[in-house]
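Trainee: model the following, please.
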Amino acid sequence: MALLLDSDIDIDWLEDALTEDVASQLATNGRAISVIALMEVLEGTREGDRVAIGKLSTLVLGTTILPMTVRTAYAAAAIRRKLRENRAQVSPRALDILIAATAIEHNLFLVTRNIRHFQDIDGLRNLTKRSKLISVIVSPANSDITTKYWHVHRHT
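Mentor: Reported below is the predicted structural model:
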């Protein structure tokens, strides 16, 4: 099972705030980080903090960093249109929408504690509660990004 870690989980990892079981799950499954989530973590890392920089280096070494692509942009735009149609907030969630689009594009399980940020995005669904720290794993629901229209469809 391949996992895309949201920035909150990356921060918990760096602060040793994950339970041993959860840390083991994240270490043994293929894991990735969106370049967006990496930027968020780097923003919060104090310059010159050797311990934090060392932990971040360890996390990044064992993790695939996924770039933003044109496909990600189209998927994110489709998500934003759908959210606007449903009168949901869009602008303050721009980075979360890009992370969700990355999970959908790469067919990855999105691991996050921020349920509210993702619960109304089609193509992602709640899978299971893991612990107090990882309260939900969000999964692609067999999302299909068509090459002709680049719409994100939810298949249940």
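Trainee: ok, now how distant is residue 15 from residue 39?
Mentor: From residue 15 over to residue 39 the distance is 18 Å, taken as CB to CB, to the nearest Å. All C-beta atoms are positioned from the backbone trio N, CA, C, and that covers glycine.
Trainee: scratch that, residue 6
Mentor: Here the criterion is CB to CB. By it, residue 6 lies 13 Å from residue 39.
Trainee: neighbour count for the two, which is higher?
Mentor: residue 6 (28 against 12; other CB atoms under 10 Å).
Trainee: which SSE is the residue lying farthest from the centre of the chain in?
Mentor: Relative to the centre of the chain, and counting by CA atoms, centre = their mean, the farthest-placed residue is residue 48 at 26.8 Å. Residue 48 is part of no helix or strand when elements are defined by DSSP states H and E.
Trainee: residue contacts, it?
Mentor: Under the criterion of CB atoms under 8 Å, 6 or more residues apart in numbering, residue 48 has no neighbours.
Trainee: for residue 117, same thing?
Mentor: Residues near residue 117 by CB under 8 Å, 6+ apart: 93, 96.
Trainee: where's it, which helix or strand?
Mentor: helix 115-118.
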